[in-house]
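Novice: pasting the structure only:
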């Protein structure tokens, strides 16, 4: 007859860290229309019209601007979606993501 196994209770590590945030940054160029940038901010990031116009002007004046801060996977997905839309319209808009501080 086999002897019963003795098992000790193991407490699981339930400390869950939130995923790190990343900045989604639009880079200015001389070919992408301001109308496209405004529209992409409204469509992909739910900006209200006036804030989208202000952010577009910021990208234009400063050469780049953070348009959102999101968890990595979401930031990456938004960057890809905006880039694909820009290419479909013939615009070279560049979107980069980098760790938020």
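Specialist: On my side now, so go ahead. Treat the numbers as computed from the prediction; the structure is a model and nothing was measured.
Novice: So for residue 9, what's the pLDDT?
Specialist: pLDDT, residue 9: 77.
Novice: burial measure for it, as a count.
Specialist: 4 (other Cβ atoms under 10 Å). Any C-beta I mention is one placed from the backbone N, CA and C, and that applies to glycine too.
Novice: Likewise for the one 10 residues further on?
Specialist: A count of neighbours around residue 19, defined by other Cβ under 10 Å, yields 11.
Novice: how about the strands of the protein, start to end?
Specialist: 21-27, 64-71, 94-99 (DSSP state E).
Novice: Among the ones you listed, which comes closest to residue 49?
Specialist: Nearest of the strands of the chain to residue 49, taken as Cβ to Cβ: strand 64-71 at 14.8 Å.
Novice: For the residue nearest the centre of the chain, give me its contacts.
Specialist: Centroid-nearest residue in the chain: residue 75, 2.1 Å away (criterion: Cα atoms, centre = their mean). For residue 75, the contacting residues are 21, 22, 23, 24, 68, 69, 97, by Cβ atoms under 8 Å, 6 or more residues apart in numbering.
Novice: distance of the first one from residue 12?
Specialist: Meaning residue 21. Distance of residue 21 to residue 12, computed by Cβ to Cβ, to the nearest Å: 26 Å.
Novice: My guess is residue 65 contacts residue 23. True?
Specialist: No: using Cβ atoms under 8 Å, residue 65 is not in contact with residue 23; the gap is 9.7 Å.
Novice: Which of these two has more residues huddled nearby?
Specialist: The residue with more neighbours, out of residue 65 and residue 23, is residue 65; 20 against 17, by other Cβ under 10 Å.
Novice: OK, contacts around that one?
Specialist: 25, 26, 55, 58, 59.
Novice: beta partners of it?
Specialist: residue 26 (DSSP bridges).
Novice: contacting residues for residue 70?
Specialist: 21, 22, 24, 78.
Novice: Model confidence for it, exactly?
Specialist: With respect to pLDDT, residue 70 has a value of 97.
Novice: Could you do residue 6 as well?
Specialist: 71.
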